[in-house]
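Trainee: predicted model, plus sequence, below.
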Amino acid sequence: MKIAWKKKAAGGGGKKRSLPSPVALNPGLPFDRGEDAPPAAAAGAEAGRASPGSGQVTPTDDHRIKNLADSFRCQGNQLAEDGKYHEAIGKWEAALTLEPKNAVLHEQKAQVLLELGDSWSALKAATQATELQPSWFEAWLTLGRAQLNFGEPDSAIESFDRALKLKADRVAAHRLVKKRRQLEASGLKVADSRYKVGDNVESS
């Protein structure tokens, strides 16, 4: 998808494309909504450069980048709910520039691309989500849908099977957690509820 980076590049020195790090601190990101977030990040970047040190990225920089990515993600979610899929993808791609290893963003992007009929791009985005978070069954479901739409039914079946197995494991884990909480609520420690060798001997 093409993103128009030129609309707000009046003070950007004519750069056509930015690497992930400069984009995180660039006040001229190309979106009309949420304009308050990029200037805040830029102001924080100036403060970071003014602080003494060796120029390493500080925790405040990481926090600022995460907040900016979350802002783009939330804006994209709202746009997707409103049916503005192309605009939503633009916001999510901006967020992915800041957080390229965010599996949720890749999976959401894949779902919207499927709605737009772009099965190939959806397949790539869903694959990225499963590679980043292989234990997330919803990512495998989305991948299976993308593979099915792209004409790969055999691969889709494998992805659906993987998703079902992961979901079954998750349900079983939730049951164990629920049982443990019930035991703790009744005043019985989990360790005390386990069977120990010799228990029957003592009782007999």
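Mentor: That came through, no problem. Numbering: from 1, shown residues only.
Trainee: okay, now S71: neighbour count?
Mentor: 21 (other C-beta atoms under 10 Å). In this view, the C-beta of every residue, glycine as well, is placed from N, C-alpha and C.
Trainee: with A185 instead?
Mentor: Neighbours of A185 (other C-beta under 10 Å): 8.
Trainee: state the distance from it to I65.
Mentor: 41 Å (C-beta to C-beta, to the nearest Å).
Trainee: give me the helices and strands touching the longest helix along the chain, please.
Mentor: What stands out as the longest helix in the chain, according to DSSP state H, is helix 153-185. In terms of contacts (3 or more C-beta pairs under 8 Å, 6 or more residues apart in numbering; DSSP states H and E), helix 153-185 is packed against helix 137-150, helix 190-193.
Trainee: where does the protein have low pLDDT?
Mentor: 1-59, 188-204 (pLDDT under 70).
Trainee: can you list the buried residues in stretch 134-143?
Mentor: Within stretch 134-143, the residues scored as buried using 16 or more other C-beta atoms under 10 Å are 136-143.
Trainee: and which of those residues is nearest Q111?
Mentor: T142 (5.8 Å; C-beta to C-beta).
Trainee: what's the closest non-adjacent residue to that closest one?
Mentor: Residue nearest to T142 in three dimensions, not counting chain neighbours: A126, with 4.6 Å by C-beta to C-beta, 6 or more residues apart in numbering.
Trainee: and for that neighbour, the neighbour number?
Mentor: Counted with other C-beta under 10 Å, A126 comes out at 27.
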